[in-house]
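Peer 1: The following block contains a protein sequence and its predicted model.
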Amino acid sequence: MSRHEEMLINGTFVGGPCDQAVGKEIARSPLDGHVVGTYAEGGWSELRTSILSAADAFPLYRQTSVAERQRLLREIAARVRDRRTELSELMADEIGKPVTLGLAELDRCAFTFELAAAALNDWNDEVRSTDYDPRGKGRQIFVRRRPVGVVFGIVPYNWPFNLTAHKVAPALAVGCTMVIKPSPQAALSTMALGRIIHESGCPHGAVNVWAGSPRSAEKGLMMPEVNMLSFTGSPAVGWALKEKMGRRPVVLELGGDAFALVGPDADLDDAVAKLVPGAFAYAGQICISVQHILVHESVYAAFRDKFLAAAKQVRTGEPRVAAVICGPMISEEAAKKLEDKVEVAEMLGATILLRGERQRALVPPIVLENVPESCDLGCEEAFGPVCDLAPFTTWDEAFARVNRSKYGIQAGLFSHDPSVIERAWDELEVGGIVVNDSPSLRFDASPYGGVKESGWGREGIREAMLSMTEPVAKIE
């Protein structure tokens, strides 16, 4: 029997298999098109009810104690862990994520809820001195952070559990309420997390999960009850939604074309071992997947040979097979578009070093050399299992190439030279530097987000908690 998931609205599941009042959508496997399940899809009426439910729940939920919120967050984490095998298989079927990577995502999802609970241990009122000012004698400044209210969260398909957790966990921690809109390509997974949140004892209306059209979502953002938008997805959509939010706070986590820089002193075997999965895991459908690798000319040939040998060993195929790390792209259409971009890059002067035969949405690793900056693969996010190699002569040259990108989430730097590492940290126009590892490495407690076209604001548990609250001072 195929799976069916329902929307969660004001503590009630809406759109059951026999409910004729709500639409149903079919979820198909990107691997072979088989039916994975169905899910309820609402319209404007259901979204409006979701937003009003979150607004109605906010005054009471914000008054819950730290202990109550911590209990809820830890219970969600425990239930995610209990179902990790089942849910990893759901992701393998619904979005083609290899089960090994799916298990890792679910572990991180649990960590994210636990980190939010732990962050509350020192989420206290701040006290500031007034001793610097003669008027301040006998006074102090107390600062308390007040939750903004209803947060509208929009999540993509590629991390349906952990990226949802990065919106829900900090919101629940600080006393906000939420409406989550899942991607239609991963609705079953995100709705499954919604069910876990509900079963963990989340108060009715505090978290609502609504699936529906982008047009309805845009209309929902215009409701005055929505106090904040937290969006993860494409730059085009994210920036357009930011305009609709006016003066209300927004956090955008958008696209990237992550660079890795390999210095002359790098451990090449270590760099290859980290950059190959960094480029090809989950078919490169990660916003910090390795897209460009710049290698110092003195070690370029040796690195290229090692990288190609390792890339040829990457297992591509059925995502339920444990050894596979490169499953299907999200659709055959996406796979064909990637092929077109590769062919354009080759026409403009790039060299294809490695390329296998596409089978429907399955695309084996593609490695290019000297991709022109002017072509799509040179200046836009690929979001597929492709990366390019190029040599550099000086660090000035390498840093300048990274900074010419209109994106900037994370960059990887393989070097043991402290001066180079400090310079990269200071000069590279990205949201984070990963030293001696892939730019695709993310720790959930770290500030995370991009500069330029890659985003606005930061996620990461504490950063998200700050963004979902406003400081209110009391001088006494």
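Peer 2: Here it is on my side, so go on.
Peer 1: any idea how far the residue lying closest to residue 140 once chain neighbours are set aside lies from residue 473?
Peer 2: Closest residue to residue 140 apart from its sequence neighbours, by Cβ to Cβ, 6 or more residues apart in numbering: residue 127 at 5.7 Å. Heads up, the C-betas are built off the backbone N, CA and C, glycines and all. Distance, residue 127 to residue 473, by Cβ to Cβ, to the nearest Å: 11 Å.
Peer 1: overlap in contacts of these two?
Peer 2: Common contacts of residue 127 and residue 473 (Cβ atoms under 8 Å, 6 or more residues apart in numbering): 141-143.
Peer 1: taking those one by one, which sit in strands?
Peer 2: Secondary structure assignment by DSSP state E places 141-143 of the shared contacts of residue 127 and residue 473 in strands.
Peer 1: between those residues, which is nearest residue 449?
Peer 2: When these are ranked by distance to residue 449 (Cβ to Cβ), residue 143 comes first, at 23.7 Å.
Peer 1: Give me the pLDDT for the closest one.
Peer 2: On pLDDT, residue 143 comes in at 97.
Peer 1: count of residues packed around it?
Peer 2: 12 (other Cβ atoms under 10 Å).
Peer 1: Now it. Nearest residue, chain neighbours left out?
Peer 2: Going by Cβ to Cβ, 6+ apart, residue 143 has residue 126 as its nearest residue, at 4.2 Å.
Peer 1: From the centroid of this protein, which residue is nearest?
Peer 2: Geometric centre of the chain, nearest residue: residue 163, 4.9 Å, by Cα atoms, centre = their mean.
Peer 1: Okay, and the beta partners of the closest residue in space to residue 176 that isn't next to it in sequence?
Peer 2: Nearest-residue entry for residue 176: residue 147, 4.6 Å, with adjacent residues in sequence omitted and distances by Cβ to Cβ, 6+ apart. Counting by DSSP bridges, residue 147 forms beta bridges with residue 469.
Peer 1: contacting residues for residue 147?
Peer 2: 58, 62, 174-176, 468-469.
Peer 1: What subset of those is buried?
Peer 2: Buried members of the contacts of residue 147, counted by 16 or more other Cβ atoms under 10 Å: 58, 174-176, 468-469.
Peer 1: about what we covered before: quickly find the element holding the residue nearest to the centre of the chain.
Peer 2: Using DSSP states H and E, residue 163 sits within helix 162-174.
Peer 1: any idea how far that helix is from the chain center?
Peer 2: 12 Å (Cα atoms, centre = their mean, to the nearest Å).
Peer 1: Parallel or antiparallel, list what pairs with whichever helix or strand comes after that helix.
Peer 2: Going down the chain from helix 162-174, the next helix or strand is strand 177-181, by DSSP H and E. According to DSSP bridges, strand 177-181 has the following sheet partners: strand 150-154 (parallel), strand 207-209 (parallel).
Peer 1: which of those strands is buried the deepest?
Peer 2: Greatest average neighbour count among those goes to strand 207-209 (a mean of 32), per mean count of other Cβ atoms under 10 Å.
Peer 1: If you compare the directions of the top helix by length along the chain and helix 162-174, what angle comes out?
Peer 2: The longest helix of the chain (DSSP state H) is helix 99-119. If you take axes from the mean of the first three to the mean of the last three Cα atoms, to 10 degrees, helix 99-119 sits at 10 degrees to helix 162-174.
Peer 1: if we can go back for a sec, which helices and strands does the helix holding residue 163 pack with?
Peer 2: With contacts taken as 3 or more Cβ pairs under 8 Å, 6 or more residues apart in numbering; DSSP states H and E, helix 162-174 sits against helix 66-82, helix 99-119, strand 150-154, strand 177-181, helix 187-199, strand 226-232, helix 461-467.
Peer 1: mind redoing it with 6 Å?
Peer 2: Helices and strands touching helix 162-174, by 3 or more Cβ pairs under 6 Å, 6 or more residues apart in numbering; DSSP states H and E, are helix 99-119, helix 461-467.
Peer 1: For the longest one, output the C-alpha coordinates as CSV.
Peer 2: Included here for helix 99-119 are C-alpha records, laid out as CSV according to Å, rounded to 0.1, in the frame of the first residue of the first chain:
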residue,chain,number,x,y,z
VAL,A,99,19.9,5.8,2.2
THR,A,100,23.3,6.4,3.7
LEU,A,101,23.0,10.1,3.2
GLY,A,102,19.4,10.0,4.4
LEU,A,103,20.3,8.4,7.6
ALA,A,104,23.0,11.1,8.2
GLU,A,105,20.3,13.8,7.5
LEU,A,106,18.0,12.3,10.0
ASP,A,107,20.7,12.2,12.6
ARG,A,108,21.4,15.8,11.9
CYS,A,109,17.7,16.6,12.1
ALA,A,110,17.6,15.1,15.6
PHE,A,111,20.8,17.0,16.5
THR,A,112,19.1,20.3,15.4
PHE,A,113,16.2,19.9,17.7
GLU,A,114,18.5,18.9,20.6
LEU,A,115,20.8,21.9,19.9
ALA,A,116,17.7,24.2,20.1
ALA,A,117,16.8,22.7,23.4
ALA,A,118,20.4,23.1,24.7
ALA,A,119,20.5,26.7,23.5
